[in-house]
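J.: take this sequence and fold it.
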Amino acid sequence: MPDVGLTSAAEPLDPDYKVVVKYTIEVEGLAVYSESYDVEKLRKEIKENEEEARANWFRRIKCVAECRDLRGFSACVTRCLLDGQPCSEGKEERGR
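T.: Numbering: from 1, shown residues only. This is a model prediction of the structure:
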């Protein structure tokens, strides 16, 4: 862990530090889905298309909320993250 003290807490991080955002979904304390994102890559994605980056992160929240009461929660979330469409019963439920 970086040395962050009373006087150094306000200083920028060392440029050599790797900063990672972790997105994990847990059910009763058990991780059922996890992703890690390098902040430098995220910074680049935001600079290239902030609207798309926002939509992708909102999808991560929406999919969990919408799959919460559907069958096959973990599979539903994984599938929903691809296209934003929560479903538990396959193509019929998705209107295909």
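
J.: A helix includes residue 55, no?
T.: Yes. The assignment for residue 55 is a helix, going by DSSP: H, G, I helix; E, B strand; the rest coil.

J.: which other helices and strands does the helix or strand of the chain with the lowest mean pLDDT contact?
T.: Evaluated with mean pLDDT, DSSP states H and E, the helix-and-strand set of the chain has its lowest mean pLDDT in helix 73-83, which scores a mean of 92. Using 3 or more CB pairs under 8 Å, 6 or more residues apart in numbering; DSSP states H and E as the contact test, the elements touching helix 73-83 are strand 20-27, strand 30-38, helix 50-67. Just so you know, the C-beta spots here come from the backbone N, C-alpha and C atoms, and that holds for glycine as well.

J.: change it to 7 Å
T.: strand 30-38, helix 50-67 (3 or more CB pairs under 7 Å, 6 or more residues apart in numbering; DSSP states H and E).

J.: of all those, which lies closest to residue 23?
T.: Proximity to residue 23 (CB to CB) singles out strand 30-38 among those, at 4.6 Å.

J.: show me the shaky parts of the chain.
T.: When residues are selected by pLDDT under 70, those of the chain lie in 1-9, 89-96.
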